[in-house]
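Student: sharing a model that was predicted from the sequence below.
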Amino acid sequence: MTTPQAVIFDLGGVLIDWNPNYLYRKIFGGDQAKIDWFLAEICPTAWNEKQDAGRSLAIATEERVAAHPEWENEIRAFYERWSEMVGGLVPGTADIMRDLRAAGVPLYALSNWSAETFPLIRHRFDEIDLFDKIFMSGEYGFAKPDERLYRAAFDGIGMPVEQLIFIDDNLRNIAAAEKLRLKSLVFTDAMALRRDLRAMGFAIGE
C-alpha cells in the first residue's frame, strides 16, 4: 500500500466554518423552522452550488428575485451579506495543517467556492497561506463532485493519485473522489482527523 505524501483539504466545513444559518438567524429572528424552509425552498443548496461553479452572483440573485419577488430582501441578503455566514475556523484543523507543514507535507485545497465570495473573507484567515495551491471551483467553472475539478487538481499537483489523501465533510464529494482512486477521509472533527492521519503514517503529534 502506497503511503500518502500530500494532503488535499476541503475548505468549507473542514477548515472554515461556513453556515448560512449564521446570517439568517439574524434575518428571521432565530426562527429555525423558517430558516430551514427558506434555505430549502427559496435559496437552496443546489442554487448556491451553481455560483460555486462559476455563475455570476448578480445574475443568480436577479433570477431568484424574479422567481420569488415576495422574498426579495432576504434573497439579496444571501450574497450582499454573505461574509456574515462565515463564523471562523473549524476548531483544530489549522493546528493539524501546521503540524503537517512542519513535517514537510505538501498541502492543497480543493473547494467548492465562488470566485466572487472567496476574496471577501480571504484576509481573515492567514491559515490559507499554508496551502501550496488552492483549486477553487469558481475559477474552473465546475464544482465537486464533477470529476473535472478533481482532475484539474491532479494535474496541478503533479503527483500520482496514489500519493494523495483527500479530506472532505461531504459524502457525495468523497464518493466522487474514490471513484477516481483518490484515497479519502470523511471529516467529522479534528481529533478524529488527526488520529486517521497518524494511522496513515503522517508524523504528527496527538
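Tutor: Done, it's in. Residues are numbered from 1 along each chain as shown.

Student: so where is the chain shaky, pLDDT-wise?
Tutor: Across the chain, the ranges flagged by pLDDT under 70 are 1-2, 205.

Student: what domains does the record give for it?
Tutor: 6-17+89-199, 18-86 (automatic domain parsing).

Student: can you list those in TSV and add distance to E206 and mean neighbour count?
Tutor: (Each C-beta comes from the backbone N, C-alpha and C, glycine too.) Formatted as TSV, the domains of the chain follow (distance: least, CB to CB, whole Å; neighbours: other CB atoms under 10 Å):
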stretch	distance to E206	mean neighbour count
domain 6-17+89-199	7	17
domain 18-86	28	15
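
Student: hey, what's V7 bridged with?
Tutor: L107, I165 (DSSP bridges).

Student: contact partners for it?
Tutor: The contact partners of V7, by CB atoms under 8 Å, 6 or more residues apart in numbering, come to L100, V105, P106, L107, Y108, L164, I165, F166, I167, L197, F202.

Student: what residue, apart from its backbone neighbours, is nearest the fifth one spatially?
Tutor: What sits nearest to Y108 in space, not counting adjacent residues and going by CB to CB, 6 or more residues apart in numbering, is I8, at 4.6 Å.

Student: the one you found contacts Y150, doesn't it?
Tutor: No. Shown here, I8 and Y150 do not form a contact pair, counting by CB atoms under 8 Å, at 9.1 Å.

Student: which residues do those two both contact?
Tutor: L110, L182.

Student: L180 and V161, how far apart?
Tutor: Separation of L180 from V161 (CB to CB, to the nearest Å) stands at 7 Å.

Student: mind listing the shared neighbours of the two?
Tutor: F154.

Student: who's in contact with the helix or strand that contains G87?
Tutor: Secondary structure from DSSP states H and E places G87 in strand 86-89. With CB under 8 Å, 6+ apart as the test, strand 86-89 has contacts from L15, I16, D17, W18, N19, Y22, I121, R124, F125, E127.

Student: again, but for stretch 171-182
Tutor: Stretch 171-182 has contacts (CB under 8 Å, 6+ apart) with 8, 10, 112, 144-147, 150-151, 154, 161-162, 164, 166, 168, 184-186.

Student: distance between that stretch and the chain's centre?
Tutor: In terms of CA atoms, centre = their mean, to the nearest Å, the centre of stretch 171-182 is found 15 Å from the chain centre.

Student: show me where this structure has its strands.
Tutor: For the chain, strands defined by DSSP state E occupy the ranges 6-9, 16-18, 86-89, 107-111, 133-136, 164-168, 183-186.

Student: in a markdown table, list those along with distance to L39.
Tutor: Output for the strands of the chain, formatted as a markdown table (distance: least, CB to CB, whole Å):
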| stretch | distance to L39 |
| --- | --- |
| strand 6-9 | 25 |
| strand 16-18 | 13 |
| strand 86-89 | 16 |
| strand 107-111 | 20 |
| strand 133-136 | 23 |
| strand 164-168 | 21 |
| strand 183-186 | 23 |
